[in-house]
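# Here is my input, please return the structure:
(4 chains)
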2 protein chains.
Amino acid sequence: MARPRMFDEERALDAAMHTFWEKGYEATSTQDLCEATGLGRSSIYNTFKSKHDLFERALAHYIDTMTTAQLAVLEDARQSAADRIRALFGMVVDGEAERRAEGRGLGCLTVNTTVELAARDSRAAGMLERDTARRLAVLRAVIEEGRRDGSITSQRDAGALARFINAAIGGMRLSSQGGADRATLESIAEVALDALTR
Amino acid sequence: MARPRMFDEERALDAAMHTFWEKGYEATSTQDLCEATGLGRSSIYNTFKSKHDLFERALAHYIDTMTTAQLAVLEDARQSAADRIRALFGMVVDGEAERRAEGRGLGCLTVNTTVELAARDSRAAGMLERDTARRLAVLRAVIEEGRRDGSITSQRDAGALARFINAAIGGMRLSSQGGADRATLESIAEVALDALTR
DNA sequence: CAAGTTTTGTACCGATCGATCCATAACATT
DNA sequence: AATGTTATGGATCGATCGGTACAAAACTTG
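Modelled structure (predicted):
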């Protein structure tokens, strides 16, 4: 019994997410968010409490879609553990190459947020920590599986290998933002995989 | 034949650098820079053309000190190539642990700047690219040397290994900003080194 | 169709942004 | 000591920041 929304909240959230992704939190103004979402200020502030609240929801949306997709690859029982990690690296490389081809910002919103906000935004830091813990847990399980199926021969602690893989992905995203092309990212991934199969 | 400066430009530059390092470019206000340097606005704008100019000089100062120190370790002919790279990782771990103990911001200004500015600040991006090229060139030379002295047994292309090492360092810095402690960083470095000695 | 409720567009808020102006202070030179 | 030059502190600039107030618009329900 009231005036209905003229926009799709999910689409607005997605547009806001991409803006934060490309420009960062501080460099994104509320005006930018209006233009990206196509909404007026009132609609944004009526739907979301504040710029920061919108950011948190955008970050949650990002984590939800990205990490879920990546973990699905890691849980694909048809492939060996090493091949699943190889596929994960492939997703990262493809994602960076794709965004580059589309002329959009590179990198990853969680990486960017870790750098820009983690130190002074405990709420964002908490979201990132939980995401990292989730990713590490799955990576660790995959590595232990790989030890059983023989595709991962490193004798290092599975947790250490998991953290290494996670760091390597971050390093690849950084390299991408620093100008590295697809072939470079692929070669970094290949060398990283060597550490698992020594 | 004029009034002399009441401050040391180098010290001011250093203070500004640490502020940008800890807070990022956008989140650092000119007021922050006044407080960090102890200077008034007039002195800052009289000495540096703008906030952005001050940032560029701060970034150059950072690159100059950090990369020079790191490359010195890589060129220490007393150690094997692999040990030099191990020492480089050690520098990174020590630096992160030290800053953590001092309660200062973590990470690395070049990493932070790559994430925050590289996409929309071509001048900063150029400085970062030149720095990366310089680091990669030295890393590559060390790796080729390691192939000769037997401390690096990977058959991968030396350039690929160099880019991997560079990415691994970035990944370690990211992990540190994400909350990883010293032991975690050390384990990541150890696994990364495995890739060189397979 | 009238009443009630929410959304929307617009104007606007105080605060802060980066940057500048200007009078005064502090020196070197003559 | 007088003059010239630069540095400094404080006031202030227009623009933009995130956020809000308010009235008109658009709907549901009775």
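# and the closest residue to A:Leu185 other than its chain neighbours, what does it touch?
Closest residue in space to A:Leu185, ignoring its immediate chain neighbours: A:Val93 at 4.6 Å, by C-beta to C-beta, 6 or more residues apart in numbering or on different chains. Glycine gets a C-beta too; all of them are placed from N, C-alpha and C. Taking C-beta atoms under 8 Å, 6 or more residues apart in numbering or on different chains, we find A:Val93 in contact with A:Met172, A:Arg182, A:Leu185, A:Glu186, A:Ala189.
# mind redoing it with 10 Å?
A:Met172, A:Ser176, A:Arg182, A:Ala183, A:Thr184, A:Leu185, A:Glu186, A:Ile188, A:Ala189 (C-beta atoms under 10 Å, 6 or more residues apart in numbering or on different chains).
# which stretch of helix or strand covers A:Asp131?
helix A:122-149 (DSSP states H and E).
# distance between that helix and the chain's centre?
On the basis of C-alpha atoms, centre = their mean, to the nearest Å, helix A:122-149 sits 13 Å off its chain's mean C-alpha point.
# which helices and strands does it pack with?
For helix A:122-149, the packing partners by 3 or more C-beta pairs under 10 Å, 6 or more residues apart in numbering or on different chains; DSSP states H and E come out as helix A:51-74, helix A:81-101, helix A:109-116, helix A:158-177, helix B:158-177.
# just to revisit the earlier point, do you know how far the residue nearest to A:Leu185 is from A:Glu190?
10 Å (C-beta to C-beta, to the nearest Å).
# again with A:Glu102
25 Å.
# out of those two, which sits in the more crowded spot?
It is A:Glu190, of A:Glu102 and A:Glu190, that has more neighbours when counted by other C-beta atoms under 10 Å in any protein chain shown, with 16 against 8.
# For chain B, see how far away that one is.
7 Å (C-beta to the nearest C-beta, to the nearest Å).
# Confirm for me that that residue is in contact with B:Arg198.
No - between A:Glu190 and B:Arg198 there is no contact under C-beta atoms under 10 Å: 11.7 Å.
# how about A:Ala118, phi and psi?
phi -50, psi -40 (degrees, to the nearest 10).
# contacting residues around stretch A:152-161?
Counting by C-beta under 10 Å, 6+ apart, A:80-82, A:85, A:136-137, A:139-147, A:162-164, A:193-198, B:183-184, B:186-188, B:190-191, B:194-195, B:198 sit against stretch A:152-161.
# One more pass at 7 Å, please.
By C-beta atoms under 7 Å, 6 or more residues apart in numbering or on different chains, the list of residues contacting stretch A:152-161 from outside reads A:81-82, A:140, A:143-144, A:146, A:195-198, B:187, B:191, B:194.
# what about the helix or strand A:Arg11 falls within, near DNA strand C?
Using DSSP H and E, A:Arg11 maps to helix A:9-23. No - Helix A:9-23 does not reach DNA strand C (C-beta under 7 Å from any atom of the strand); its nearest approach is 9.3 Å.
# For the helix or strand just after that helix, which residues meet the burial criterion?
Remark: after helix A:9-23, the chain's next helix or strand is helix A:30-37, criterion DSSP H and E. Under the neighbour-count criterion of 16 or more other C-beta atoms under 10 Å in any protein chain shown, helix A:30-37 has A:Leu33, A:Cys34, A:Ala36, A:Thr37 buried.
# Going along the chain from helix A:30-37, find the next helix or strand for me.
Criterion used, DSSP H and E; the element after helix A:30-37 is helix A:41-47.
# What parts of chain A come near DNA strand C?
A:1-7, A:39-43, A:46-47.
# ok, 6 Å please
By C-beta under 6 Å from any atom of the strand, the residues of chain A that approach DNA strand C are A:Met1, A:Ala2, A:Arg3, A:Arg5, A:Met6, A:Phe7, A:Gly40, A:Arg41, A:Ser42, A:Ser43, A:Asn46.
# Can you report how many residues neighbour the first one?
Put plainly, it is A:Met1. 2.
# before we move on, what about the second one?
Taking other C-beta under 10 Å as the neighbour definition, A:Ala2 ends up with a count of 4.
# ok now do it, which residues does it touch?
A:Ala2 neighbours (C-beta under 7 Å, 6+ apart): none.
# Do you know the pLDDT at it?
According to the prediction, A:Ala2 has pLDDT 85.
# Quickly note the distance from it to A:Ile44.
18 Å.
# mind listing what A:Glu145 touches?
A:Ala81.
# Likewise for the one 4 residues further on?
Contact partners of A:Asp149, counting by C-beta under 7 Å, 6+ apart, are A:Ser80, A:Ala81.
# give me that answer again for 10 Å
Contacts of A:Asp149 by C-beta under 10 Å, 6+ apart are A:Gln79, A:Ser80, A:Ala81, A:Ala82, A:Asp83.
# Give the single residue among those positioned nearest to DNA strand C.
Of all these, DNA strand C sits closest to A:Gln79, with 45.5 Å by C-beta to the nearest atom of the strand.
# so what pLDDT did A:Arg198 get?
In this prediction A:Arg198 is given a pLDDT of 84.
# Which helix or strand contains the closest residue to A:Gly90 other than its chain neighbours?
Leaving out its chain neighbours, the residue that sits closest to A:Gly90 by C-beta to C-beta, 6+ apart is A:Ala189, at 7.6 Å. Assigned by DSSP H and E, A:Ala189 belongs to helix A:182-194.
# and that helix, what does it pack onto?
Checked by 3+ C-beta pairs under 10 Å, 6+ apart, helix A:182-194 has helix A:81-101, helix A:158-177, helix B:158-177, helix B:182-194 packed alongside it.
# Save these as JSON lines, and put in mean pLDDT too.
Listed next are the helices and strands packed on helix A:182-194 as JSON lines, based on pLDDT from 0 to 100:
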{"stretch": "helix A:81-101", "mean pLDDT": "98"}
{"stretch": "helix A:158-177", "mean pLDDT": "98"}
{"stretch": "helix B:158-177", "mean pLDDT": "98"}
{"stretch": "helix B:182-194", "mean pLDDT": "98"}
